[in-house]
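Participant: Everything below, folded, please.
(2 chains)
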Protein chains: 2
Amino acid sequence: MSPTKPRTMPGVMELLPREQELHRDLMRRIQEGFARFGFVPIETPAIELSEILLTKTGGETERQVYFVQSAGQLEKGSDPELALRFDLTVPLARYVAEHEHDLVFPFRRYQIQRVYRGERAQRGRFREFYQCDIDIIDRDELSVRHDAEIAATAASVLHDIEIGAFTIRINHRQLLRGLLEQAGVADVSSQSDLIRHIDKLDKIGPQKVASFLIDGGMSPAAAETLLRHTATRTTSHDEGLAVLGDLADGPAGGGAESLMEVFRVLADLGVPEDRYCLDLSVARGLDYYTGTVYETVLDDHPELGSISGGGRYDDLAGQYTNTHLPGVGISIGLTRLFFQLRDAGLLPYERAVLDAVVTLMDDDGLSYALEVASLLRAGGLRVETHMEPGKIGKQLRNADRAGIRYALIDGGQERTDHTITVRDLVEGTQDTVPLEKALAKIDKG
Amino acid sequence: MSPTKPRTMPGVMELLPREQELHRDLMRRIQEGFARFGFVPIETPAIELSEILLTKTGGETERQVYFVQSAGQLEKGSDPELALRFDLTVPLARYVAEHEHDLVFPFRRYQIQRVYRGERAQRGRFREFYQCDIDIIDRDELSVRHDAEIAATAASVLHDIEIGAFTIRINHRQLLRGLLEQAGVADVSSQSDLIRHIDKLDKIGPQKVASFLIDGGMSPAAAETLLRHTATRTTSHDEGLAVLGDLADGPAGGGAESLMEVFRVLADLGVPEDRYCLDLSVARGLDYYTGTVYETVLDDHPELGSISGGGRYDDLAGQYTNTHLPGVGISIGLTRLFFQLRDAGLLPYERAVLDAVVTLMDDDGLSYALEVASLLRAGGLRVETHMEPGKIGKQLRNADRAGIRYALIDGGQERTDHTITVRDLVEGTQDTVPLEKALAKIDKG
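Facilitator: Alright, predicted model coming up:
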């Protein structure tokens, strides 16, 4: 029987160990950053009841849902009662509603898990990918200051993962609606349609957006004024406050005043002013957002698009509870970011998958080799040992290929002298030292 | 419209943040332990092609598979092409076969991910749970010394998670087959059947196993001799070696000699002799295993059953490649273990979900409070801040409820003096110190 070709379905992430270690390191940095800002961890099941996951309205992402059936259910041919989560927001809503009485509000949670979407297979589209989300939820009311906390946390985390300069572009839905009202669009649902067009400014350019606005009933002059507004992108904290101060007097006043508070708190939180700006073109497609909205771009690589986005929403879990639960959150699409950075050669650091390898040249050396390994492990190092003797050249080549920097070598004399030869495979140097000094010769990767 | 009741399907794991943090800490310790022994991380997709996941033979676990279909595929009514992994071994086999030419052998990998099984819902049965697996795979041949490495890694990790004394019970399939041969069962497939009965010794007792053996054609005398053998459980390293030495001369000789080497290397690896024993009743149900087999029990809580098990197998990925890939591995069922320990009150440590909370008594104090928080965060602490002023009593009560030990309080004077009051909510003490000394007052949780 010829073997089944080993392969995965398209659009899923799978890495070799060295890259997996790097991915884990990225994730660990993000997670520690979230925790430093007071976010606490939750995890939810990948499989939820379809009834919980799918609302009656049915957005674009809901059409991409993967349904799940056990073998037994499949045989019966009944409608699937289970599905895989397609984001971390619906599960959060269900979680908060379900555990409402056990949670302390405002509830700050981080969640780093995979989500699943039945996307058409194409480059850069993932069917299974990690999202890293933070949200702050309160009952009844949530201070706009938390909108600054969310942006400050994202700024801190994006700094920690060392992917270069970035800017969190901030806007406010009420401010955008105010500008549309000023341009003569008073109807809320027409406003929502036009906001979806403004969201495409980066992709299709102002000319095309202008024609959509005019098709939508706006006068060419009003469209021009509106697009002049949305071209605003400030370059300093004070400029941001000044522009918002001017807008605060007009129909966009409410949103502008909220953003002024967000800007002030961002400064109090110590976020450098070149890490955020007011950008009146930021819209976010989803109807879901009702206040502050964020998009983040890498300054030197705008072609990668938004690497993180989110915003303020009015009521998290209206479909599951009568408690009013306003919230604000941001999401980093880790898998997409990881592959983009990798493919663009922008992953800025190496991380060793293991720290050291203990070689073995003859069977009599096994006990001593394992003693060496135990000593290094007790010092916190990640150590591979050769369990069967072999050619030293091959053992060193394999270590180098696996990305391990240090090899510990006992040629026979070392075990007699209670010493060990530490070879640095990167520098190509080596040194024979008393066994108890070996640990100090090794830099932890 | 009345709200949809927020709930999950039965048999999935969901924790409140404090327990989630504890679970994360357990997982982190396991992972670091694996890495210290030279295992490298991989992750595989939760969704695999059904064709890959399901072999023609169809074992018990395969009947529990969850199939996955996109909305579009479901409408078409075609057979599902996708399924969720039910263990981490089949995906490992596919991974090694697929990436064979990019891996360094012997390939030591750890994998900590969720697996999915369409189990009937009942207490203690999970449909979605974490497994923590290590395996060592080589091409053509894999030294039996690696069987010791696997057990030593498990011993180290189980020590690090501080769940009390445990014993890794070790046996060998060839040794069991030798004993069965001695008892007159020469046919390999009859041996396999009887091994499955011996595997139930702990659950159903020797009387019932004896009657199965006799029903299977064994003479009562031979069954009695066999059961006397399988009652062997050694209590020291030397006793283990002695028993194996005796067995090495009989039909169980090959297995006994392998285990002698495993025992010797375990000692060289520094595993304390009360952490492992030779236990001739260990069988493991699966046909899959061909050599060393392991089961681990908590010494003071045998009622929890095996908390970790595994063994040696002949050929990992025969269905995907013509390369012969022998391997050895062990698995910790983390989710089950976590819930068992929790329900038995055996989780031995607390882990704070956050280190400190910065309270806020009036709006004018916001800048100072955020400065305090930034300072603590720069020191690596996990800090929550109150963004709106409120009653100090309520702020402290909420912190305590969330499991946070330290509250930093500025009553007005502190910001003038550039000091801060650090209150220990566990001890009920407090101290006002210069701001730059605050960090030193706080024990990291």
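Participant: Which helix runs longest in chain A?
Facilitator: In terms of residue count, the longest helix belonging to chain A (DSSP state H) is helix A:17-36.
Participant: just how off-centre is stretch A:246-261 within its chain?
Facilitator: Relative to the chain's own centre, stretch A:246-261 is displaced by 30 Å; criterion: C-alpha atoms, centre = their mean, to the nearest Å.
Participant: for stretch A:231-251, same thing?
Facilitator: 29 Å.
Participant: Check which residues of stretch A:373-393 are buried.
Facilitator: Buried residues in stretch A:373-393, counted by 16 or more other C-beta atoms under 10 Å in any protein chain shown: A:373-377, A:381-387, A:389, A:392. The C-beta positions use only the backbone N, C-alpha and C, and glycine is treated the same way.
Participant: Only C-alpha atoms, please: export the helix or strand of chain A with the lowest mean pLDDT in PDB.
Facilitator: When each helix and strand of chain A is scored by mean pLDDT, DSSP states H and E, helix A:71-76 comes last, with a mean of 85. Taking Å, rounded to 0.1, in the frame of the first residue of the first chain, the C-alpha atoms of helix A:71-76 are listed here in PDB:
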ATOM      1  CA  ALA A  71     -19.500  11.000  13.900                       C
ATOM      2  CA  GLY A  72     -22.800  10.000  15.500                       C
ATOM      3  CA  GLN A  73     -24.500  13.300  14.800                       C
ATOM      4  CA  LEU A  74     -23.300  13.200  11.200                       C
ATOM      5  CA  GLU A  75     -24.800   9.800  10.700                       C
ATOM      6  CA  LYS A  76     -28.200  11.000  12.000                       C
END
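Participant: avg pLDDT for whichever helix or strand comes after it?
Facilitator: Towards the C-terminus, the helix or strand next in line after helix A:71-76, according to DSSP states H and E, is strand A:82-84. Averaged over strand A:82-84, pLDDT sits at 96.
Participant: now swap in stretch A:41-50 and tell me
Facilitator: For stretch A:41-50, the per-residue pLDDT averages 97.
Participant: quick one, domains of chain A?
Facilitator: A:17-343, A:356-441 (automatic domain parsing).
Participant: deepest of these, which one?
Facilitator: Among these, ranked by average contacts under mean count of other C-beta atoms under 10 Å in any protein chain shown, first place goes to domain A:17-343 (a mean of 19).
Participant: List phi and psi for the closest residue to A:T429 other than its chain neighbours.
Facilitator: Take A:T429 and drop its neighbours on the chain: the residue closest to it by C-beta to C-beta, 6 or more residues apart in numbering or on different chains is A:R423, 7.5 Å away. The phi and psi torsions at A:R423 (degrees, to the nearest 10) take the values phi -110, psi 130.
Participant: what pLDDT does A:R423 get?
Facilitator: Residue-level pLDDT assigned to A:R423 equals 98.
Participant: Please apply the same query to A:Q122.
Facilitator: Per-residue pLDDT puts A:Q122 at 74.
Participant: likewise the one 5 residues further on?
Facilitator: Note for A:R127: predicted pLDDT of 94.
Participant: Quick one: list the elements packing against the longest helix of chain A.
Facilitator: Contacts defined by 3 or more C-beta pairs under 8 Å, 6 or more residues apart in numbering or on different chains; DSSP states H and E place helix A:17-36 against strand A:107-116, strand A:128-137, helix A:145-160, helix A:334-343, strand B:40-41.
Participant: Parallel or antiparallel, list what pairs with whichever helix or strand comes after the longest one.
Facilitator: What that stands for is helix A:145-160. Of the helices and strands lying after helix A:145-160 in sequence (DSSP H and E), the nearest is strand A:166-172. Using DSSP bridges, strand A:166-172 pairs in its sheet with strand A:276-278 (parallel), strand A:289-298 (antiparallel).
Participant: could you redo those strands as CSV and give each row mean pLDDT and distance to B:L316?
Facilitator: Compiled in CSV, the strands paired with strand A:166-172 are given as follows (pLDDT from 0 to 100; distance: least, C-beta to C-beta, whole Å):
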stretch, mean pLDDT, distance to B:L316
strand A:276-278, 98, 51
strand A:289-298, 96, 41
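Participant: So which residues of the stretch 301-445 of chain A form strands?
Facilitator: Taking DSSP state E, counting those that start in this stretch, the strands of the stretch 301-445 of chain A run over residues A:308-313, A:327-332, A:356-358, A:383-385, A:406-409, A:419-424, A:429-434.
Participant: Nearest to B:L435 among the ones you listed would be which one?
Facilitator: Minimum separation from B:L435 across the strands of the stretch 301-445 of chain A (C-beta to C-beta) falls at strand A:327-332, 29.1 Å.
Participant: Contacts for that closest one, please.
Facilitator: Judged by C-beta atoms under 8 Å, 6 or more residues apart in numbering or on different chains, the contacts made with strand A:327-332 from elsewhere in the structure are A:30, A:88-89, A:131-138, A:142, A:146-147, A:150-151, A:153-154, A:157-158, A:291-292, A:294, A:307-313, A:316.
Participant: Check A:Q430 and give its pLDDT.
Facilitator: A:Q430 carries a pLDDT value of 97.
Participant: For it, list each beta-bridge partner.
Facilitator: Taking DSSP bridges, one obtains A:R423 as the residues bridged to A:Q430.
Participant: A:D355 versus that one, what's the distance?
Facilitator: 16 Å (C-beta to C-beta, to the nearest Å).
Participant: same question, A:S189
Facilitator: According to C-beta to C-beta, A:S189 stands 60 Å off from A:D355.
Participant: if I pick whichever residue of the stretch 301-445 of chain A sits closest to chain B, what's in contact with it?
Facilitator: The nearest approach of the stretch 301-445 of chain A to chain B comes at A:E384, 3.2 Å away (C-beta to the nearest C-beta). For A:E384, the contacting residues are A:354, A:356-358, A:399, A:402, A:404, B:38, B:108, taking C-beta under 8 Å, 6+ apart as the criterion.
Participant: Read off the pLDDT value for the residue nearest to it when sequence neighbours are not counted.
Facilitator: Computed as C-beta to C-beta, 6+ apart, the closest residue to A:E384 that is not its neighbour in sequence is B:G38, at 3.2 Å. Looking at B:G38, its pLDDT is 98.
Participant: before we move on, what about A:G59?
Facilitator: A:G59 is assigned a pLDDT of 67 by the prediction.
Participant: now the one 10 residues further on
Facilitator: Reading off the per-residue confidence, A:Q69 sits at a pLDDT of 94.
Participant: The nearest residue to it once chain neighbours are set aside and B:M27, how far apart?
Facilitator: Leaving aside its sequence neighbours, A:Q69 sits nearest to A:P80 (C-beta to C-beta, 6+ apart; 4.8 Å). According to C-beta to C-beta, A:P80 stands 30 Å off from B:M27.
Participant: any idea how far A:E75 lies from chain B?
Facilitator: Separation of A:E75 from chain B (C-beta to the nearest C-beta, to the nearest Å): 10 Å.
Participant: Surely A:G380 and B:R36 touch.
Facilitator: Yes: using C-beta atoms under 8 Å as the test, A:G380 is close enough to B:R36 to be in contact (7.4 Å).
Participant: How about the residues of the stretch 251-400 of chain A by chain B?
Facilitator: With C-beta under 8 Å from any C-beta of the partner chain as the criterion, the stretch 251-400 of chain A meets chain B at residues A:265, A:268-270, A:317-322, A:353-354, A:357, A:366-367, A:370-371, A:373-374, A:377, A:380-385, A:387-388, A:398.
Participant: what residue lies at the spatial centre of chain A?
Facilitator: For chain A, the residue lying nearest the average C-alpha position, counting by C-alpha atoms, centre = their mean, turns out to be A:I332 (2.5 Å).
Participant: ok, now how distant is that residue from A:Q131?
Facilitator: Distance from A:I332 to A:Q131, counting by C-beta to C-beta: 7 Å.
Participant: Pull the contacting residues for the residue of the stretch 151-300 of chain A found nearest chain B.
Facilitator: Residue nearest to chain B within the stretch 151-300 of chain A (C-beta to the nearest C-beta): A:D268, separated by 4.4 Å. The contact partners of A:D268, taken as C-beta under 8 Å, 6+ apart, are B:366-367, B:370-371.
Participant: Perfect, that will be all.
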